[in-house]
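K.L.:
Coordinates for the following, if possible.
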Amino acid sequence: MASTAATRLRAVPVALRELGRTLVAALRREGNRLDAALRFAREHARAGDPDTVLAALDRFARERRMLINVGDEKGLVLDAELRRLGPHARVLELGCFAGYSAIRMARLLSPPGRVLSVEPSPTSVRVAREMVALAGVADRVEIRAGRSGDVIPTLEGPFDLVFLDHWKSLYLEDLQQLEARALLRPGSVVVADNVGPLFGAEAYLGYVRGCGRYDSRYVPGHVEYQESIEDGIEVSVWRGAAAGAT
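P.N.:
Next up is the predicted model:
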């Protein structure tokens, strides 16, 4: 894994480019990036076809303005885990942004397989719901508004896959709450995005690798749509509470 300092240095030109794109978008009165991405998807995707919606969002992120969804490279990790679990998997997603990953996962599911996505931002909730409807997977996705720490105690499990893609500082706290409330079963997979050098996920990584309750591996990749900046995903399979102690 590259050093944090080197990774931050590589991120500087990307940050400057995105600042320029944001200024241009403001001058053109394009509005916030989520609504702009939704308009772009409606213009370039086929309604009811999730793959074309994903492709439109990938294109928007590369050509227009950066999106912080998992992206097409690291999204393959999600695809592989869901295909292994099967089409009836129950999925919990913490952080939905524009709905990209919810669509990506839901397109591989069939009832009773389902994605429950938790998101605190009202704008993200609204846009993600519209994006999910555009993709034709609304029957397999529920987007629930609220903070993860408030919503987790209301959930009924277990979940076969949990995708963490919200505030990185909440990864460990929320995972431990999922454990305490028996929302994982032996064999449940926890996929955590953005655990590379830029994101300060050391405490989370130390826990899943060292607590004795998970079989955990790091899958290297890059920050979404930025091939020059290292990032990665941690895939952790829950063994069960009796397997080890914290």
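K.L.:
confidence score at Glu30?
P.N.:
On the pLDDT scale, Glu30 is placed at 76.
K.L.:
any idea how far it lies from Arg104?
P.N.:
From Glu30 across to Arg104, the span is 25 Å (Cβ to Cβ, to the nearest Å). For glycine as for every other residue, the C-beta is placed from the backbone atoms N, C-alpha and C.
K.L.:
Please, where are all the helices along this protein?
P.N.:
Under the criterion DSSP state H, helices of the chain are mapped to 4-27, 33-44, 50-63, 71-85, 100-106, 122-135, 148-151, 171-180, 202-210.
K.L.:
what's the most centrally placed residue in the chain in contact with, if anything?
P.N.:
In the chain, the residue lying closest to the centroid (Cα atoms, centre = their mean) is Asp165, at 3.9 Å. Asp165 makes contacts with 69-70, 93-95, 97, 101, 192-194, as judged by Cβ atoms under 8 Å, 6 or more residues apart in numbering.
K.L.:
need those in JSON lines with pLDDT, can you?
P.N.:
JSON lines is the format used below for those (pLDDT from 0 to 100):
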{"residue": "Asn69", "pLDDT": "93"}
{"residue": "Val70", "pLDDT": "96"}
{"residue": "Glu93", "pLDDT": "98"}
{"residue": "Leu94", "pLDDT": "98"}
{"residue": "Gly95", "pLDDT": "97"}
{"residue": "Phe97", "pLDDT": "96"}
{"residue": "Ser101", "pLDDT": "98"}
{"residue": "Ala192", "pLDDT": "98"}
{"residue": "Asp193", "pLDDT": "97"}
{"residue": "Asn194", "pLDDT": "95"}
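K.L.:
Can you lay out the residues you listed as JSON lines showing neighbour count and distance to Arg185?
P.N.:
Shown next, in JSON lines, are those (neighbours: other Cβ atoms under 10 Å; distance: Cβ to Cβ, whole Å):
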{"residue": "Asn69", "neighbour count": "28", "distance to Arg185": "27"}
{"residue": "Val70", "neighbour count": "25", "distance to Arg185": "24"}
{"residue": "Glu93", "neighbour count": "27", "distance to Arg185": "17"}
{"residue": "Leu94", "neighbour count": "26", "distance to Arg185": "18"}
{"residue": "Gly95", "neighbour count": "25", "distance to Arg185": "22"}
{"residue": "Phe97", "neighbour count": "25", "distance to Arg185": "27"}
{"residue": "Ser101", "neighbour count": "27", "distance to Arg185": "22"}
{"residue": "Ala192", "neighbour count": "26", "distance to Arg185": "18"}
{"residue": "Asp193", "neighbour count": "29", "distance to Arg185": "22"}
{"residue": "Asn194", "neighbour count": "24", "distance to Arg185": "25"}
